[in-house]
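J.: fold the following and give me the result.
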Amino acid sequence: MPLDATRPLGPTRPSRMSARQESPMMARGFAAPAMPVARPRLPDARAILPYLQEIDANHWYANHGLLWLRLQSRLAAHFGVAPESVALTANATLGLALALRASLVAPGRKCLMPAWTFVATAGAAREAGLVPHFADVDSSSWALDPDAVEARPDLDEIGAILVVAPFGRPLDTARWDALSERTGIPVIIDAAAAFDALRVGGPMPVGRCPVIVSLHATKAFGIGEGGVVLSQDPDWMERLRRLCSFGFLGSREAVLAGTNAKMSEYAAAIGLAALDVWPETRAGWLSLTRHYAEALAGDPRLAPSPGFGGDWVSATLSVLWPADRLDGIAELEREGISTLRWWGEGCHRHPAYADCPRDPLPATESIARRAIGLPFWRDMTATQVDYICGVARRVAGPGALPLRPRRTVQALRALA
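T.: Numbering: from 1, shown residues only. Sure thing, here's the model as predicted:
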């Protein structure tokens, strides 16, 4: 079906921005109202209300309630695993940290991870008492290369490996399972944005290595804050569940020194409401992804992140900006297009982790310098996408480019 350029690419609801609620860009005197990089949309109050009424009737608000159990069961069906293989956590960072602890890695050991990741990955390792060791990623995948990892001469110094599925891109879980089995090193998969890739029949089936998924509001399937831990090892999962609940499991006796990482019934209510409309939500993300992929096709100077446009959806779009036109990124802002470096300059560049051991990182440095997040949210119209790609193509073009005349607020308000 042809796209209507004036209508959102997916299901929508009216904007809450009035004529007086202008964007920060306009408040600073710019002519163009800025299109944000992200505009999360969770189930509205009407969709959540029936589940809140259930909570009222049950008088059960936390500690593995009835909605929590139902969400666990429905997510198990989504991922194609048994309900016993799913644990729900307050957020994914806690899930990562406790997954490392459940893997019985001795405190003080090195945790190998990509430098090209969000800082939560390194923070989780520190929280688990481990030392992040940053490795370079493969420039064609933006992820760790399992062959390169297995060939490392220092594997005896590595206590655990944290693998990241960059921006939801599928990983070869079977390959990482095999590496873990051969080396004896626990592998944990940080699949924060890979909710869709991990679906039944999707490109990233759940294997033996534990997988952690984020349900943050900025993800394709979000509930505000929350995490999902997947493992098909019952002994490992028992340790994980105890660690999430003060060390308790079926009694008031703390067998392990745990913490409180439990998801509340209120978060589960949002999760159930989000699952009710997931097919429509996914269709919206897929339509937006395909339109962007088509609009950027054939331009080698604006390459989307690896795998973008494949058989999976995510909630972000990063493009590799031309190295010789990095000064042109500011022009996007002048044209009303917000941008964001989702992962900054890499974990190793953050002061909190600057003292961590690391390998040479040429690919990470190159990607981090050039990866720019463009506006990407479900209520976007085809007109907005075409406008963004048109401006980006012009600004990223070779040579010095003159600025085009600024558009008036009236001309651009339809794009905001």
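J.: hang on, T316 packs against I372?
T.: No - T316 is beyond contact range of I372, at 11.0 Å (criterion: C-beta atoms under 8 Å). (C-beta placed from N, C-alpha, C; glycine too.)
J.: common neighbours of those two, please.
T.: Here T316 and I372 share no contacting residue, scored by C-beta atoms under 8 Å, 6 or more residues apart in numbering.
J.: list the contacts of P306.
T.: S140, S141, W142, P166, R169.
J.: need these in CSV (columns: neighbour count, pLDDT and distance to A47).
T.: What follows is the contacts of P306, written out as CSV (neighbours: other C-beta atoms under 10 Å; pLDDT from 0 to 100; distance: C-beta to C-beta, whole Å):
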residue, neighbour count, pLDDT, distance to A47
S140, 9, 97, 41
S141, 18, 98, 37
W142, 25, 98, 35
P166, 28, 99, 31
R169, 23, 98, 30
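J.: which ones among those residues are found in strands?
T.: Among those, no member is found in strands (DSSP state E).
J.: so can I have JSON lines of those showing distance to Y61?
T.: Putting the contacts of P306 into JSON lines (distance: C-beta to C-beta, whole Å) gives the following:
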{"residue": "S140", "distance to Y61": "47"}
{"residue": "S141", "distance to Y61": "43"}
{"residue": "W142", "distance to Y61": "40"}
{"residue": "P166", "distance to Y61": "36"}
{"residue": "R169", "distance to Y61": "37"}
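J.: those residues in helices, which ones?
T.: Judged by DSSP state H, the contacts of P306 include no members of helices.
J.: number of nearby residues for A352?
T.: 12 (other C-beta atoms under 10 Å).
J.: how far away is C209 from P107?
T.: According to C-beta to C-beta, to the nearest Å, C209 stands 21 Å off from P107.
J.: so which of the two has more stuff around it?
T.: Between C209 and P107, C209 has the larger neighbour count (other C-beta under 10 Å), namely 26 against 10.
J.: next, give phi and psi for the closest residue to the more buried one other than its chain neighbours.
T.: Using C-beta to C-beta, 6 or more residues apart in numbering and skipping residues adjacent in sequence, the residue nearest C209 is V187, 4.5 Å away. Note on V187: backbone dihedrals following degrees, to the nearest 10 are phi -110, psi 130.
J.: check contacts around V187.
T.: Here V187 is in contact with A160, I161, V163, W176, D177, L179, S180, C209 (C-beta under 8 Å, 6+ apart).
J.: so in this protein, which helix runs the longest?
T.: Every helix in the chain considered (DSSP H), the longest is helix 278-296.
J.: could I get the full set of helices for this structure?
T.: Using DSSP H, helices in the chain cover 24-27, 45-58, 66-79, 92-102, 119-127, 146-150, 173-183, 234-244, 265-276, 278-296, 329-334, 362-370, 382-396, 409-412.
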